[in-house]
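# Here you go, sequence then predicted model.
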2 protein chains.
Amino acid sequence: MTKPRSRRGGGRPTIADVARKAGVGAITVSRALREPGRVSEDLRRQIQAAVDELGYVPDPNARALASARAEVFGVLVPSLTNNVFAEVVRGIYDSLSDSPFRIQIGNTHYSGLEEERLLQVFGSQRPAALIVAGIDQTPRARRLLENAGCPVVQVMETGPDPVDMMVGFSHLDGGRTATEHLLQAGYRRIGFIGARMDPRSQRRLAGYRAAMEAAGLFDPRLITTTPVPSSVTLGRELFRDALAKMPTLDGVFCNNDDIALGVLFECHRASIDVPKQIGIVGFNDLDMMHVSFPSITSVRTHRYEIGTRAVAMALAAIAGNPPEQRIVDLGFELMRRESTAR
Amino acid sequence: MTKPRSRRGGGRPTIADVARKAGVGAITVSRALREPGRVSEDLRRQIQAAVDELGYVPDPNARALASARAEVFGVLVPSLTNNVFAEVVRGIYDSLSDSPFRIQIGNTHYSGLEEERLLQVFGSQRPAALIVAGIDQTPRARRLLENAGCPVVQVMETGPDPVDMMVGFSHLDGGRTATEHLLQAGYRRIGFIGARMDPRSQRRLAGYRAAMEAAGLFDPRLITTTPVPSSVTLGRELFRDALAKMPTLDGVFCNNDDIALGVLFECHRASIDVPKQIGIVGFNDLDMMHVSFPSITSVRTHRYEIGTRAVAMALAAIAGNPPEQRIVDLGFELMRRESTAR
DNA sequence: CAGACAAATGGTAGCGCTACCATGCAAGGG
DNA sequence: CCCTTGCATGGTAGCGCTACCATTTGTCTG
């Protein structure tokens, strides 16, 4: 009674096994699984029973090969540990968990070259959609995206020239808003502290600069940055540097919340009063910002929603209903807290 | 001169195109790409030239179908945003970035049922290896792992009964060590504060309990837990609860560093002296623990290494050299800091 | 120098699935 | 009553690649 199993297949049931058991053609099984509406209810039930009994699970590789389309979302992010991208990715996962789509994440390590390489690898799989972080692709990466033959969503930022679709917000506006808030609170010698300085950080810095120049208070010596990856420890160190360089500093707009937390800890340690002597503003508004003592003002960004929205737009496009609005600005929200309440 | 392209294929070059251009058989191209040693240098060069000129990238789906083995590592973690797993995943990505293997991550949301579902999905792809977090699989999940037909590495914890291989450490010992440290520092009414309370948290709690019982100081009222996901905010709230319940509390061992940070902030806010009035120990030793004021004692765990080691073991097994040591205990390290220095 | 053997290359036949094109049949139109 | 139309189902032919089994050539052994 042993079936003449081929040399290779590990012996798991195939669509032909299901078809035989259900007494129908293989193609009908295929249809029953993918477009139930096109198969009569009778057969559908029979087929489902056979599927259950055999424990049949379609082979996605065979499926992808035959249909020239893999049920995969390719996702490219520059970092896996940075909470910001982790939240976006979580949104993507949650939105796709009930769909047949798998997710393939690529970590570009903030490198354009690596991004190109991964896009080429992803492209070879004919993904159903691509979601990439950022809008500063290299020309070659951009070309790969344009020729991917599937919906593409650029996330995290908005800009004038989407490859296909975009979901994000203006980091420049975020930086400006944060800085203007410090100015309105009466701070004058406001520093900018930034790590990593990827394109988004650069634009936050540009927003800071715009606000400071508008107030006639800009001074390049107020800026302290490093290409080193961001961390709480680094925030502390950069703040010390900034203070050494510019002892009259009375406020800081931080690249992100890790840095801001590092600044706060250093203030504790050096007995610098926050917000009296120094005002602090962070970026992203992680959970800890509103719990810290004092709580830290931060620019809340909608990271999880960026992920869910990107998926929704891609799914719509796959279904043939590309959204009318190709650029979605989810905005941000300034969360005023104790660290700037003087 | 237009090639008679099939109705489906998007027109990208196939192995046959490369073979034609290089003037060799398709199978030789296949070999040149996978086992260069088995093809003469002459042909290898010719083939490489054709590959470069055409921009040929092998179709992983066709490859997987033909070889009954996908070059994919399946990775199952309970959370994507929890820094602990993000670090493990980062280790996995970094270790595989130069290999032909792709990575497919599944998020189980701490659910055994979801883990089963994902294992079934992953299994249908015939992955090259599976890496799963934890050792408490459901019987069905365990069976799926055993029948996966590929190396399996359970990570984060060690235990007596691996499905195949294991890399991690003893959370029980970690909890005990942390608690013993508090005891040695002279704290007596030591509380346990824990969120989520997944199996690993449970074992840390068991370690705490063992240490307290050994010291004759155990009291169930010292334990404050919740199934709610961990956060800094939650740490603050749980600490307040704990203190309300047991005002004589003089130390806390926290489930993880987020909780510990929340405790520290609440101490600041309530003017409770750390370490004089309250000693605090965290778990995992995130970056911020040594920067905070005061710095927080924590149990450092080797999360990134767990990821890299798991990959190394799986790769060895794939290559036919399963490691002799199937259970690898990477241990942990108690980082003594100001929060327990009284 | 025949025979054995290894190394390099190629042909063929699938892997498991779906696109495409029948086929059969009931319902509706002239 | 024939012809169209549409629906449900099935057969066939690949998708692009690799496992398996030749075949060819060169090298070594006795």
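Nice, I can see it.

# Near the residue of the stretch 201-342 of chain A found nearest DNA strand D, how many residues? Count them for me, please.
Distance from DNA strand D to each residue of the stretch 201-342 of chain A (C-beta to the nearest atom of the strand) is smallest for A:G320, at 18.5 Å. C-betas here are computed from N, CA, C, even on glycine. Residues lying near A:G320 (other C-beta atoms under 10 Å in any protein chain shown) number 6.

# Quick check: it is in a helix.
No: using DSSP: H, G, I helix; E, B strand; the rest coil, the assignment for A:G320 is coil, not a helix.

# Let me see the contact set for it.
Contact analysis of A:G320 by C-beta atoms under 8 Å, 6 or more residues apart in numbering or on different chains lists nothing.

# per-residue confidence at it?
On the pLDDT scale, A:G320 is placed at 88.

# Ok, the one 10 residues further on next?
Each residue has a pLDDT score; the one for A:L330 is 98.

# quick one, what contacts it?
So A:L330 contacts A:167-169, A:302, A:305-306, A:309 (C-beta under 8 Å, 6+ apart).

# Specify which member of these is nearest to A:G159.
Proximity of these to A:G159 (C-beta to C-beta) peaks at A:G168, which lies at 8.3 Å.

# Can you pull the domain assignment for chain A?
A:15-58, A:70-169+A:303-331, A:171-301+A:334-340 (automatic domain parsing).

# So which of those is nearest B:R204?
The nearest among those, by C-beta to C-beta, is domain A:171-301+A:334-340 at 21.5 Å.

# tell me how far that closest one is from the chain's mean position?
23 Å (C-alpha atoms, centre = their mean, to the nearest Å).

# Any residue of the helix or strand that contains A:M156 touching chain B?
Here A:M156 is covered by strand A:152-157, with elements defined by DSSP states H and E. No: figure legend: strand A:152-157 not in contact with chain B (C-beta under 8 Å from any C-beta of the partner chain); closest approach 15.4 Å.

# Over to stretch A:253-268?
Yes: against chain B, stretch A:253-268 shows contacts by C-beta under 8 Å from any C-beta at A:258, A:261-262, A:265-266, A:268.

# can you redo those residues as a markdown table with neighbour count and pLDDT?
Below are these laid out as a markdown table (neighbours: other C-beta atoms under 10 Å in any protein chain shown; pLDDT from 0 to 100):
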| residue | neighbour count | pLDDT |
| --- | --- | --- |
| A:D258 | 27 | 98 |
| A:L261 | 28 | 98 |
| A:G262 | 28 | 98 |
| A:F265 | 22 | 98 |
| A:E266 | 20 | 98 |
| A:H268 | 16 | 97 |
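
# Can you flag which of these belong to helices?
A:258, A:261-262, A:265-266, A:268 (DSSP state H).

# circling back: what separates whatever helix or strand comes next after the strand holding A:M156 from the chain centre, distance-wise?
Under the assignment DSSP H and E, the closest C-terminal helix or strand after strand A:152-157 is strand A:165-169. How far strand A:165-169 lies from its chain's middle: 10 Å, per C-alpha atoms, centre = their mean.

# buried ones in whatever helix or strand comes next after strand A:165-169?
Counting by DSSP H and E, the next helix or strand C-terminal to strand A:165-169 is helix A:171-184. By neighbour count on 16 or more other C-beta atoms under 10 Å in any protein chain shown, the buried set for helix A:171-184 is A:171-183.

# do stretch A:244-252 as well
Quick answer for stretch A:244-252 (16+ other C-beta under 10 Å): A:246, A:249-252.

# now the angle from the strand holding A:M156 to strand A:165-169?
If you take axes from the mean of the first three to the mean of the last three C-alpha atoms, to 10 degrees, strand A:152-157 sits at 10 degrees to strand A:165-169.

# and strand A:152-157, average pLDDT?
In the prediction, strand A:152-157 has an average pLDDT of 98.

# Okay then, goodbye and thanks.
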